[in-house]
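Peer 1: turn this into a model:
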Amino acid sequence: MAYSKGMLPGAAARVAAFCSLVLWVGVARAERRPVAVVDLPGDPATEKLATEIAKELGDHPVLRNVVNYAADLRGPLDDEDAEAIAKALRYKAKAEAELAPPNFRFALAANAAVDGEDELRRAAPNETVLALYADLSFVLGLAKLGEKKPGEAAAAFALVHRLAPNRTLDTNIYLPEVIKAFDDAGKVTTTASATLMVKGSGRVWIDGVERGPPGPYEVPIGRHVVWLTGPDRVTRGWRGDVVEKVTDPSQNVAIIADDPASDRLKVLRARLALRKAADPAARASAMRHLAALVGVHDAVLLTIVKDKIIVQSWRDKAPGFSALREVKKERPRELLVTLAPPPRVIVPPPPPHTFEQTPRWYRRRKVQIGTAAGVVLAVGSYVLYGYLTGAWVLWDSNPSFPGPETQTR
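Peer 2: A predicted model of the protein is given here:
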């Protein structure tokens, strides 16, 4: 800033220094490292602490809260398949109610069972989903038996055997003809198979068994259910009958549309995978994946062990995870010291001690004054003595050279 007549002398330098300081602070805050605060259990206690830590990061001189998906890293974390499973359970209850006396509305029961199966084709084929799908297929078989359609009932029962090979029926609950139809569907062995072409993206699951990437697969003749799963897509499925002789180009082709997963869904999946990690290697891999999704190199993890909140930090540099630490009465900033230790205070050394040297006696002021006064007094006394005794002629009016007879003694 140039000096002007309206500015006090030195003000330009002070203003320039102040602007430089503001600029330096702004740059320093812009370069603060983002930190992901991950609430693994989604418990109210850990969610509250995660919120407090995130608030503390707002004023931290070195760290800052992650910008994207901060809210998705804390709070309740439900399985993405929970809604589909809940709806399928409601359809199962409805189908069973339609089958029970005095209703015996077999068509309505069949429709409810199919609707439940449709819901489960949006859920990943884990153990829970496969067991529930087998239940719905069994109810569908019962409904088809009630409609006097044994062929369709057999197809539904055969799928139950594929999804739950060890399932048997209780003779105290089901009629003998139902048990016979169910057992016969499981005893049918055939060497006949056909090619099922799966089109789409992701990993192929046929009847609950992971098979590989999309493509052609040899499967037994009959009804099958196919899922496509993957970390970058939403789970979708297909159900159909594979026939030995194809008369229609659409037969034996499972076309499952691509459904890319949103970034938010990927973050939620990564957080869930981190919570469910069974060993250190899986945990480290899940943490790296989550960090890459939210764009951080530092994280604070919160969990609960035996009703105690445990905190752990993570950095993408060695050693990675820090030691587990129980949270007691520490303030939020104190929980961040493993990521940003407080600056070391350097105390400057004390100045060297200087010993005051006593000046020599002849350099002392009193000695010098006393000596000078003594000299002046001695000279003055000598001159005064000579003047009073006539030993000194202070003034001679005759400047001629005196003779011996006039010389003053």
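Peer 1: hey, let's count contacts and neighbours off CA atoms from now on
Peer 2: Fine.
Peer 1: excluding chain neighbours, what is closest to Leu49?
Peer 2: The shortest distance from Leu49 to any non-neighbouring residue, by Cα to Cα, 6 or more residues apart in numbering, is to Pro332 (7.8 Å).
Peer 1: next one: phi and psi at that neighbour?
Peer 2: When read as degrees, to the nearest 10, the backbone of Pro332 gives phi -50, psi -40.
Peer 1: Lys306 versus that one, what's the distance?
Peer 2: Applying Cα to Cα, to the nearest Å, the value for Pro332 to Lys306 is 21 Å.
Peer 1: same thing with Arg344?
Peer 2: Counting by Cα to Cα, the gap from Arg344 to Lys306 is 36 Å.
Peer 1: likewise for Ala378?
Peer 2: Counting by Cα to Cα, the gap from Ala378 to Lys306 is 104 Å.
Peer 1: and those two? which has more neighbours close in?
Peer 2: Set Ala378 next to Lys306 and count neighbours by other Cα atoms under 10 Å: Ala378 wins out with 11 against 6.
Peer 1: quick check: the more buried one is in a helix.
Peer 2: Yes: assessed with DSSP: H, G, I helix; E, B strand; the rest coil, Ala378 lies in a helix.
Peer 1: state the distance from it to Pro249.
Peer 2: 143 Å.
Peer 1: and if you look at Val234?
Peer 2: 27 Å.
Peer 1: the two - which one has more neighbours?
Peer 2: Per other Cα under 10 Å, whichever of Val234 and Pro249 has more neighbours is Val234, with 21 against 7.
Peer 1: least confident secondary structure element in this protein?
Peer 2: Sorted by mean pLDDT, DSSP states H and E, the helices and strands of the chain end with helix 11-30, the least confident at a mean of 45.
Peer 1: okay, now the sheet partners of the helix or strand following that one, with direction.
Peer 2: Next along the chain after helix 11-30, taking DSSP states H and E as the criterion, comes strand 33-39. Strand 33-39 has its sheet partners listed here by DSSP bridges as strand 63-65 (parallel), strand 298-305 (parallel).
Peer 1: okay, these in TSV with distance to Ser137 next?
Peer 2: Putting these into TSV (distance: least, Cα to Cα, whole Å) gives the following:
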stretch	distance to Ser137
strand 63-65	48
strand 298-305	39
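Peer 1: turn these into JSON lines, columns for mean neighbour count, mean pLDDT and distance to Gly42.
Peer 2: Formatted as JSON lines, the strands paired with strand 33-39 follow (neighbours: other Cα atoms under 10 Å; pLDDT from 0 to 100; distance: least, Cα to Cα, whole Å):
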{"stretch": "strand 63-65", "mean neighbour count": "21", "mean pLDDT": "95", "distance to Gly42": "18"}
{"stretch": "strand 298-305", "mean neighbour count": "20", "mean pLDDT": "96", "distance to Gly42": "8"}
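Peer 1: now for the ones you listed, which one comes closest to Thr358?
Peer 2: strand 63-65 (58.1 Å; Cα to Cα).
Peer 1: what sits up against the closest one?
Peer 2: Residues outside strand 63-65 that contact it (Cα atoms under 8 Å, 6 or more residues apart in numbering) are 32-37, 54-55, 57-58, 340.
Peer 1: now swap in stretch 39-56 and tell me
Peer 2: Outside stretch 39-56, the residues that touch it by Cα under 8 Å, 6+ apart are 37-38, 64-65, 73-77, 271-272, 274-275, 301-304, 309, 332-333.
Peer 1: again, but for stretch 235-243
Peer 2: Under Cα under 8 Å, 6+ apart, the answer for stretch 235-243 is 121-124, 194, 196, 219-229, 251-252, 254-257, 259.
Peer 1: now it - C-alpha only, CSV.
Peer 2: Only the C-alpha atoms of stretch 235-243 are listed here, as CSV (Å, rounded to 0.1, in the frame of the first residue of the first chain):
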residue,chain,number,x,y,z
THR,A,235,-29.0,-55.2,-6.3
ARG,A,236,-31.6,-56.3,-8.8
GLY,A,237,-32.9,-59.8,-9.6
TRP,A,238,-34.8,-61.9,-12.2
ARG,A,239,-37.0,-64.9,-11.8
GLY,A,240,-38.0,-67.3,-14.6
ASP,A,241,-38.2,-70.8,-15.9
VAL,A,242,-35.4,-72.3,-17.9
VAL,A,243,-36.6,-74.6,-20.7
